[in-house]
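Q: Sharing a model that was predicted from the sequence below.
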Amino acid sequence: MLKNIRRYLNTMGLNPKRFIYSIRGLPSFIKEYIVFKKYINSSFELRLYPILDDKYQQGGVASGHYFHQDLLVAQMIHKANPIRHVDIGSRVDGFIAHLAVFREVEIIDIREIESKTPNIKFLQANMIDMEEKLYESCESLSCLHALEHFGLGRYGDPVDVDGHLKGFENMYNILKPNGVLYFSVPIGYLRVEFNAHRVFSLEYLLQMFVSKFEIVSFSYVDDAGDLHKKVVLTEQNIKDNCGCDYGCGIFELRKK
């Protein structure tokens with residue numbers, strides 16, 4: 001319950017943890033400002049821009065869904081070195097930035113993306129209703145933490161309860177035979193948290209894959225934000241979703 005309350009507050013732009021840290025940091029900010037003002041060189045104009053919570057945070061975040069999936073899948077694509085790689089809806093300032101370091105990547109998104117980065121090309125398209133000219137157009141495709149949003153209207157897409165199924169069908173259509181799909185979504189008990197995302201059970205995902213793809217590898221990020229690489233999908237793992245309520249399943253899939 002507490003976790004859900006924090007999530008709802010964050011959605012509305014309210015971060016209780018940051019608020020508490022900011023209150024805690026206010027006295028030291030005032031004290032340090034007085035000292036700094038006393039000794040500052042008169043050539044500098046002094047303005048206030050209070051950042052009150054950073055001293056109580058970690059130096060960086062090296063865990064969680066996006067950190068691990070972006071790094072892991074970028075390493076996979078670097079090793080595979082496909083001729084053409086296309087991405088659908090993944091995070092531009094994370095995963096796409098990783099890829100652009102060492103290769104060209106073409107990205108498809110329902111929203112416009114402005115980029116002057118040489119290694120990034122953009123195509124605006126709706127994956128729920130995709131043009132047939134894109135069918136069997138690439139041998140390497142990625143979609144990281146994006147399919148769960150299809151059809152919920154969050155990003156300006158039309159509301160469609162089967163949007164995730166239609167989008168996944170079109171990912172299959174884009175790939176050439178034997179092409180590879182790098183794919184991730186939230187995993188846990190099957191549900192829709194409207195209009196943020198869907199959470200998929202492993203059993204449901206395997207049914208989505210069965211006629212279209214074979215699983216080359218499976219990794220996941222658990223609820224604590226830690227990565228588990230190349231995990232065997234046992235009956236128990238499938239049944240309890242690897243112990244996740246809101247984890248991240250990362251699949252390397254080959255088109256049948």
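A: Arrived safely. Note that this is a predicted model, so its numbers are computed, not measured.
Q: tell me the contacts of the residue nearest to Lys229 when sequence neighbours are not counted?
A: Of all residues not flanking Lys229 in the chain, Ser219 sits nearest, at 4.7 Å (C-beta to C-beta, 6 or more residues apart in numbering). In short, each C-beta sits where N, CA and C put it, glycine included. Contact partners of Ser219, counting by C-beta atoms under 8 Å, 6 or more residues apart in numbering, are Leu72, Leu227, His228, Lys229, Lys230, Val231, Ile250.
Q: Give me the buried positions along the helix or strand hosting Phe218.
A: Under the criterion of DSSP states H and E, Phe218 resides in strand 213-221. The neighbour-count criterion (16 or more other C-beta atoms under 10 Å) identifies Phe213, Phe218, Ser219, Tyr220, Val221 as the buried residues of strand 213-221.
Q: if I look at the third one, how far off is Phe150?
A: Yep, that's Ser219 we're talking about. In this structure, Ser219 and Phe150 are 22 Å apart, going by C-beta to C-beta, to the nearest Å.
Q: quick one: the helices in the stretch 151-256 of the chain?
A: With DSSP state H, counting those that start in this stretch applied, the stretch 151-256 of the chain shows helices at 163-174, 202-209, 235-240, listed in chain order.
Q: could you give the mean pLDDT of the last one?
A: Helix 235-240 shows an average pLDDT of 98 in the prediction.
Q: Mind giving me the packing neighbours of it?
A: Helices and strands touching helix 235-240, by 3 or more C-beta pairs under 8 Å, 6 or more residues apart in numbering; DSSP states H and E, are helix 202-209.
Q: The residue of the chain most remote from its centre: which element?
A: Distance from the C-alpha centroid of the chain, by C-alpha atoms, centre = their mean, peaks at Ser42 (46.5 Å). Following DSSP H and E, one finds Ser42 outside all helices and strands.
Q: With the one 5 residues further on instead?
A: Taking DSSP H and E as the criterion, no element holds Arg47; it sits outside all helices and strands.
Q: now Cys143, nearest residue through space, not along the chain?
A: Setting aside the residues directly before and after it, Cys143 is nearest to Ile88 in space (C-beta to C-beta, 6+ apart), at 4.2 Å.
Q: Then Phe200?
A: Once its chain neighbours are removed from consideration, Phe200 has its nearest residue in Val185; the separation is 5.2 Å (C-beta to C-beta, 6+ apart).
Q: Who are the contact partners of the one you found?
A: Shown here is Val185, whose contacts under the criterion C-beta under 8 Å, 6+ apart are His145, Leu147, Glu148, Arg198, Phe200, Leu205, Cys248, Gly249.
Q: Pretty sure the first one sits against His68.
A: To tie it back to what came earlier, the one meant is His145. No: at 11.0 Å, His145 does not count as touching His68 under the criterion of C-beta atoms under 8 Å.
Q: re the thing from before, can you name the residues bridging to the residue nearest to Lys229?
A: For Ser219, the beta-bridge assignment (DSSP bridges) gives partners Ile250.
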